[in-house]
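Peer 1: Just need the structure, nothing else, for what follows:
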Amino acid sequence: MIKSIDRNLNRIILTYKELLGTWEENIKEYEEGKTVTGIARNIEKSKNGIFVELKPNLVGLAEYKENVEYGKPIDVYIKKIIPEKKKVKLVIV
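Peer 2: Just a heads-up that it's a prediction; the model follows:
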């Protein structure tokens, strides 16, 4: 998708993130109390949790757990969805 055109610098700025949907659009596919599969992405800075990608442009945070293989599929339980903060709390199952 073309994000902007800078004629002065002869540049076209492209983006694909907007094509992945907004947080609000993507979260509609999920509900609290369901178990889904995501991809373990990385550890939160203070090692309090693990970021899990549910969909491109939609990430939740699960409590830290040993022996999680990053970049691999992982089953998580959706504990809480907080729309006003755009947060999803997860539990690794």
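Peer 1: Quick one: residues contacting the spatially most central residue of the chain.
Peer 2: For the chain, Val59 is the residue whose C-alpha lies nearest the centre (Cα atoms, centre = their mean; 1.7 Å). By Cβ atoms under 8 Å, 6 or more residues apart in numbering, Val59 lies in contact with 41, 51-53, 88. To be clear about C-beta, it is placed using only N, CA and C from the backbone, and glycine gets the same treatment.
Peer 1: What segments of the protein are helices?
Peer 2: Here the chain has its helices, by DSSP state H, at 23-27.
Peer 1: Tell me where it has strands.
Peer 2: Secondary structure of the chain (DSSP state E): strands located at 2-6, 11-14, 35-43, 49-55, 58-63, 73-82, 87-92.
Peer 1: what mean pLDDT would you report for the shortest one?
Peer 2: Pointing back at strand 11-14 there. The average pLDDT within strand 11-14 is 88.
Peer 1: What helices and strands are in contact with it?
Peer 2: Contacts defined by 3 or more Cβ pairs under 8 Å, 6 or more residues apart in numbering; DSSP states H and E place strand 11-14 against strand 2-6.
Peer 1: got it, and the fourth one?
Peer 2: Under the contact criterion of 3+ Cβ pairs under 8 Å, 6+ apart, the helices and strands touching strand 49-55 comprise strand 35-43, strand 58-63, strand 73-82, strand 87-92.
Peer 1: Now with 10 Å, please.
Peer 2: helix 23-27, strand 35-43, strand 58-63, strand 73-82, strand 87-92 (3 or more Cβ pairs under 10 Å, 6 or more residues apart in numbering; DSSP states H and E).
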